[in-house]
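> any chance you can model this:
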Amino acid sequence: MKLKVVIHKAEEGGYWAEVPSLAGCATQGDTFEELLENIYEAIEGYLSVDVSDIKIAEDDRVMEIAV
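Numbering: from 1, shown residues only. Just a heads-up that it's a prediction; the model follows:
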């Protein structure tokens, strides 16, 4: 999966980034390297779903797929 990330220089120093295709998915970092780590973590958190909160019947399947 490829996602566009818009990176901004923060007025107070460092950087902040947003992922336009994932509403509300944004993060910041004091350095560019920290920002990259944080944006991967933010995207992963945004896309993860806790299936324990979903009712799953005995004949249902839960799968993980890569896109």
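> which secondary element of the protein has the worst mean pLDDT?
Lowest by mean pLDDT, DSSP states H and E among the helices and strands of the chain is helix 32-47, with a mean of 95.
> and the contacts of that helix?
By C-beta atoms under 8 Å, 6 or more residues apart in numbering, the residues outside helix 32-47 that reach it are 3, 5, 7, 14-17, 19, 22, 24-29. Every residue, glycine included, has its C-beta placed from N, CA and C.
> can you tell me how far the spatially closest residue to residue 22 that is not a sequence neighbour sits from residue 28?
Excluding the flanking residues, the one nearest residue 22 by C-beta to C-beta, 6 or more residues apart in numbering is residue 46, at 5.1 Å. The spacing between residue 46 and residue 28, counted by C-beta to C-beta, to the nearest Å, is 15 Å.
> for stretch 26-43, buried residues please.
For stretch 26-43, the neighbour count (16 or more other C-beta atoms under 10 Å) marks 26-29, 35-36, 38-39, 42-43 as buried.
> what do you get for stretch 41-54?
42-43.
> likewise for stretch 11-30?
For stretch 11-30, burial by neighbour count (16+ other C-beta under 10 Å) applies to 15-19, 25-29.
> again with stretch 1-11
Along stretch 1-11, these residues count as buried under the neighbour rule (16+ other C-beta under 10 Å): residue 5.
> return the residues in contact with residue 14.
Applying C-beta under 8 Å, 6+ apart, we find residue 14 in contact with 28-31, 34-35.
> pull the most distant pair out of these.
With C-beta to C-beta as the measure, no two of the contacts of residue 14 lie farther apart than 28 and 31, at 10.6 Å.
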